[in-house]
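1. give me coordinates for this.
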Amino acid sequence: MSMEQRVLDRGAQLLQSLKPVKQTKQHACTFALYSHDMTRQIETHHFITRLNQDFLQCAVYDSNDAHARLIGIEYIISDSIFETLPTEEQKLCTLMRTRFCNFSSFWIKLGLWVNPGVPEMVMKTEMENLAKTYGKFWCTWQVDRGDKLPLGAPALVMSPQAVSEGIVRPDLIEKRNIKYNVSIEALKASRVEIAEPEWINPLADYWKQHGKGFSVDIEPAEMKKRAPFA
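-> Below you'll find the model as predicted:
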């Protein structure tokens, strides 16, 4: 980066409010699997903004370092909101993370989601709430395959689950544990009393029931060339 660019960035930082960015309140580290290729597993870092008690939005990076790359976005919603979604939208979700259609309790209780540096007791209520949420995570930069830039269509990403294809590789977990000095056994023990949801919508984590993921293809489309008011 040139000196001119540094001066520009510093000046803009001092003069602008950057309000949306400053609403980020939490950093969580977890793991994700590509919906179309579950052999590809990645560590992800979520920088979380709370829009309200039922809705979180996350900027997802490949690390929490100063030069981390923004690799996607995730939206996390409560189970009550999830139940209002159209059927086709529910299929894209994961229970607590990975598409509005990933359920989160498994991945929370197994210690796969951590807030580095924050004591478990402080996060207890948040973990209990997260265990009843669904998430939709779109990856826009597939750095794990060596992409130097964000290329191609976004990829739907899923959260880990307790079946063979959805189990996170031990080496990824060990690397995370060493980096943040956490014990996955201690995390599991501290979360053992988190209540399981009484009911999980069968459309969430669609791949577990049907053995199929989702992928995005880019196709040419006719453009609307005239504004409706013209």
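2. so in the chain, which helix runs the longest?
-> Looking across the chain with DSSP state H, the single longest helix is helix 3-15.
3. list the helices and strands the helix or strand following that helix packs on?
-> Using DSSP states H and E, the helix or strand that directly follows helix 3-15 along the chain is helix 19-22. Helices and strands in packing contact with helix 19-22 are not found; criterion 3 or more C-beta pairs under 8 Å, 6 or more residues apart in numbering; DSSP states H and E. All C-beta spots, glycine's among them, are computed from the backbone N, C-alpha and C.
4. need the residues that contact helix 19-22.
-> Thr49 (C-beta atoms under 8 Å, 6 or more residues apart in numbering).
5. CA atoms of it as PDB?
-> The C-alpha atoms that make up helix 19-22 are tabulated as PDB, following Å, rounded to 0.1, in the frame of the first residue of the first chain:
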ATOM      1  CA  LYS A  19     -21.600   3.500  11.800                       C
ATOM      2  CA  PRO A  20     -22.500   0.000  10.400                       C
ATOM      3  CA  VAL A  21     -19.000  -1.300  10.900                       C
ATOM      4  CA  LYS A  22     -18.900   0.000  14.500                       C
END
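6. what mean pLDDT does that helix get?
-> Average pLDDT, helix 19-22: 93.
7. from now on call the first residue 34
-> Okay, residue one is now 34; in that scheme the one you just asked about reads as helix 52-55.
8. the longest strand seen in the chain: partners in the sheet, and parallel or antiparallel?
-> Counting by DSSP state E, the longest strand found in the chain is strand 70-85. Note on strand 70-85: by DSSP bridges, its sheet partners are strand 59-67 (antiparallel), strand 88-94 (antiparallel).
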